[in-house]
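Q: A predicted structure for the sequence below; I have some questions about it.
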Amino acid sequence: MDYSFSFSGDLYLKLLKEYENCIPGIEKMIICFRGRNAAITCYQKEPEIIVNTSLDLKEHAYFIESGMNETFTYKWLRKYEVPFENTVKRKIKKQLDIEDEIKMPVLLIRIESGIPNMCDLLFIYLNENTSANFFMSKEVIPYSRQTKEYMGYMLYQRINQDADVWRKDQHILKNIQESYKMICENMDILENHNKTMGEFFRGMCDYILDDISSESGLTVKIEEDAYHLLLENGKNIMQIKNMILKATQFKTGMSSGKEIIIKKREIISGKASGIKEKESPEIDDTEELKKAYNYLELFENISQKANTNQMISLKYIAAEWGNKTSSAVTEAINTRKEVVIKLLEIYPDRWSRIRAELAPVRKLDNEVQKKITNKNRIA
């Protein structure tokens, strides 16, 4: 069973298969069309098989191209009028009789190709002994001119309608494929973004835990499930900090040890506990932290592409950052100094090259190192 879509695959292979039994007595069919690089290609349908025809296309190119450029819908031809056939040319009579009708067994149908002033050609060969009585008796009754005209018109309309529907479906399929590809690419971008943001928030939680540990003199840790719950319920950094503080206070009252491990069930937001949280007077800098984090990632990625012996300057970063100016790079860092410093503290092992070489980042990193040194001295 064929499970393929009707609009998938090769149009002309499908047409040859579908129309081989459309009328009694089809001996063979040949279809000529422009394939890749506008080269003429021919398929030939014989009983039980379709092949790339062995016709000498160079020898018959003029006949095929002339037919492709000709304006017509369909016409009946004698075999010797088709140069594919090695038949003796005879003198054409002005008035056709029944014998002549029998000897015009080739129906040539124009198939609109979708290219202006250009068509493809379908040759349908009828067996000369085919009876127009559709096998109702053994008597051979040739197709009349009227029957042939009807047959030609009907097949021309139907085949071109099928070809047009196929091309429209192909266009829709192409749009679907492009949309699917775009969705997959966006999903990859979103997945990478979520991964980056996950690392960012994990770093922020670790920073908050270290801060609370320093202030309380306890070692505060958090289980993985509780960490995910924080990310799902915390709208901003301050809210996450408040939730961790509440859990720490709860655990401190229940344990006398020096190490506190916060579990998922111990993460309670103000909404869940029925307590109305006071709005923090501090400005929520979550978005600024995200922006600063992304800038540091961007500048570090740019710097990593440079040669190791090349100094990472503002001018270099600006040029690689979509032809920006040096002042734009400086502004990206200096307008959010506090959050950049916080990130440099949270992620001591990240952004190593711009810490060492990019002037505005190097300056802020020096401040971070001084702070660490002073903290160690006090300890």
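A: Ah, there it is. Numbering: from 1, shown residues only.
Q: My guess is Val361 contacts Arg353. True?
A: No. Applying C-beta atoms under 8 Å as the test, Val361 and Arg353 come out as separate, 9.4 Å apart. (Glycine included, C-beta is placed from N, CA and C.)
Q: Would you mind telling me which of these two has the busier surroundings?
A: Neighbours were tallied for Val361 and for Arg353 using other C-beta atoms under 10 Å; the higher tally belongs to Val361 (25 against 17).
Q: Name all residues that make contact with the more buried one.
A: If you count contacts by C-beta atoms under 8 Å, 6 or more residues apart in numbering, Val361 has them with 296, 299, 333, 340, 344, 351, 354-355.
Q: can you give me the helices for the stretch 101-250 of the chain?
A: According to DSSP state H, counting those that start in this stretch, the stretch 101-250 of the chain carries its helices in the segments 145-216, 224-233, 237-254.
Q: Looking at those, spot the one closest to Gln369.
A: Checking the helices of the stretch 101-250 of the chain against Gln369 by C-beta to C-beta gives helix 145-216 as the closest, at 16.8 Å.
Q: Give me the helices and strands touching the closest one, please.
A: Packing contacts for helix 145-216, counted by 3 or more C-beta pairs under 8 Å, 6 or more residues apart in numbering; DSSP states H and E, involve helix 11-18, strand 74-77, strand 106-112, strand 219-222, helix 224-233, helix 237-254, helix 286-305, helix 337-346.
Q: to the chain's geometric centre, what's the distance from that helix?
A: The offset between the C-alpha centroid of helix 145-216 and the centroid of the whole chain comes to 5 Å, using C-alpha atoms, centre = their mean, to the nearest Å.
Q: tell me the mean pLDDT for that helix?
A: Along helix 145-216, the predicted local confidence has a mean pLDDT of 81.
Q: circling back to that earlier point, just name the most buried of the helices and strands packed on helix 145-216.
A: With neighbours defined as mean count of other C-beta atoms under 10 Å, these peak in mean count at strand 106-112, which reaches a mean of 21.
Q: give me the low-pLDDT residue ranges for the stretch 1-150 of the chain?
A: 1-9, 35-38, 47-58, 84-103, 128-142 (pLDDT under 70).
Q: how about the strands in it?
A: 26-34, 40-46, 49-52, 74-77, 106-112, 119-126 (DSSP state E, counting those that start in this stretch).
Q: neighbouring strands for the fifth one, and are they parallel or not?
A: I take that to be strand 106-112. Counting by DSSP bridges, the strands paired with strand 106-112 are strand 74-77 (antiparallel), strand 119-126 (antiparallel).
Q: Touching the one helix or strand Ile317 maps to from outside, list them.
A: Element membership for Ile317, per DSSP states H and E: helix 314-320. Contacts of helix 314-320 from elsewhere in the structure, counted by C-beta under 8 Å, 6+ apart, are 299, 302-303, 305-306, 310, 324-326, 328-330, 358-360.
Q: Narrow these to those that are buried.
A: Buried members of the contacts of helix 314-320, counted by 16 or more other C-beta atoms under 10 Å: 299, 302-303, 306, 329-330, 358, 360.
Q: out of those residues, what pair is the most spread apart?
A: The most widely separated members of these, counting by C-beta to C-beta, are Ala306 and Thr330 (18.5 Å).
Q: that older thread, please identify the most buried of the helices of the stretch 101-250 of the chain.
A: Among these, judged by mean count of other C-beta under 10 Å, the one packed with the most neighbours on average is helix 237-254 (a mean of 18).
Q: Report all helices and strands that that one contacts.
A: Short answer (3+ C-beta pairs under 8 Å, 6+ apart): helix 237-254 packs on helix 145-216, strand 219-222, helix 224-233, strand 259-262.
Q: so which of these gets nearest Asn374?
A: Ranking the helices and strands packed on helix 237-254 by distance to Asn374, with C-beta to C-beta as the measure, places helix 145-216 first at 13.7 Å.
Q: what angle separates the closest one from helix 286-305?
A: An angle of 100 degrees separates the directions of helix 145-216 and helix 286-305 when computed by axes from the mean of the first three to the mean of the last three C-alpha atoms, to 10 degrees.
Q: mind giving me the domain ranges of the chain?
A: Described in terms of automatic domain parsing, the domain architecture of the chain consists of the residue ranges 11-175, 218-283, 285-379.
Q: could you measure Arg167 against Tyr80, distance?
A: Separation of Arg167 from Tyr80 (C-beta to C-beta, to the nearest Å) stands at 34 Å.
Q: correction: Glu191
A: Note on Glu191: its distance to Tyr80, by C-beta to C-beta, is 67 Å.
Q: Select, out of the domains of the chain, the one closest to Phe200.
A: Closest approach to Phe200 among the domains of the chain (C-beta to C-beta): domain 285-379, 5.3 Å.
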